[in-house]
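Colleague: here's my sequence, what's the structure:
(one chain, ligands or ions: 2)
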Amino acid sequence: MSASTQPLQLDAALLYLTAFSAAFLTALWLSLVFWAYRDIRSRAQDRLLHILAAAIVLLLGPAGLVIYLILRPRRTLDEVYQNTLEEEALLTEIEESPTCPGCGARSQHDWQICPQCHTRLRKPCISCGSLMDLHWKICPYCAIPAPGMHTVNENSTPDLPAG
Ligand SMILES: [Zn+2]
Ligand SMILES: [Zn+2]
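Modeller: Ligands and ions are numbered 1, 2, ... in the order given. Sure, this is the predicted structure:
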């Protein structure tokens with residue numbers, strides 16, 4: 001009766017193999033769903049989108065994952081946040097950089113003169129050469145008084161036209 005037990009063993013082996021592949025495929029399928037769910041959570045805050053992404057991969061498997069990869073938001077929330085920080089830093093930099101009182105063009109803190117309209121922006125200290133604001137009467141670095149302060153600003157303030 002050894003001939004009848006042989007196919008039975010083969011059947012059992014085949015059954016085992018089928019069950020094993022089915023379990024493996026199911027695990028793979030579920031891990032795809034889990035991956036998509038985790039991925040969408042890092043890219044969107046909308047709970048509906050989280051469920052939608054998981055559902056499409058759950059229903060369509062690898063094909064659903066491809067669709068998800070095409071449609072998913074390009075940047076993660078972390079990247080969006082980093083980008084916002086950079087933009088904010090850039091804005092503060094622009095706001096903090098001084099402008100020329102003559103023409104309004106952006107200038108630098110260490111410029112003596114506006115390259116656009118040649119307005120004096122700063123003056124060098126006669127003693128140490130540090131740049132000083134035009135209205136400073138004394139150098140904050142070496143405490144040497146600026147020369148000719150009284151002659152410079154005497155008649156330079158333009159009068160508003162009487163209207
Ligand atoms: Zn200017
Ligand atoms: Zn000085």
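Colleague: next secondary structure element downstream of the longest helix seen in the chain?
Modeller: If you go by DSSP state H, the chain has its longest helix at helix 2-41. Per DSSP states H and E, the first helix or strand lying C-terminal to helix 2-41 is helix 47-60.
Colleague: returning to that earlier point: the longest helix of the chain - contacts with which helices or strands?
Modeller: helix 47-60, helix 62-71 (3 or more CB pairs under 8 Å, 6 or more residues apart in numbering; DSSP states H and E). Heads up, the C-betas are built off the backbone N, CA and C, glycines and all.
Colleague: same list, the ones you listed, but as TSV with mean pLDDT, mean neighbour count and distance to ligand 2 please.
Modeller: What follows is these, written out as TSV (pLDDT from 0 to 100; neighbours: other CB atoms under 10 Å; distance: least, CB to the ion, whole Å):
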stretch	mean pLDDT	mean neighbour count	distance to ligand 2
helix 47-60	93	16	62
helix 62-71	93	14	63
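Colleague: export the ones you listed to CSV and tack on distance to Leu15?
Modeller: Below are those laid out as CSV (distance: least, CB to CB, whole Å):
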stretch, distance to Leu15
helix 47-60, 27
helix 62-71, 26
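Colleague: residues near Asp39, how many?
Modeller: 19 (other CB atoms under 10 Å).
Colleague: quick check: residues of the chain near ligand 1?
Modeller: Proximity of the chain to ligand 1 is confined to Cys100, Gly102, Cys103, Ala105, Cys114, Gln116, Cys117, Thr119 under the rule CB under 5 Å from the ion.
Colleague: out of those residues, which end up buried?
Modeller: Among the residues of the chain next to ligand 1, those classed as buried by neighbour count (16 or more other CB atoms under 10 Å) are Cys100, Cys114.
Colleague: so Asn83: helix, strand or coil?
Modeller: Following DSSP: H, G, I helix; E, B strand; the rest coil, we place Asn83 in the helix state.
Colleague: quick one: it and Thr76 touch, right?
Modeller: No - the criterion here is CB atoms under 8 Å, and Asn83 misses it with Thr76 at 10.5 Å.
Colleague: I am finished for the moment; much appreciated.
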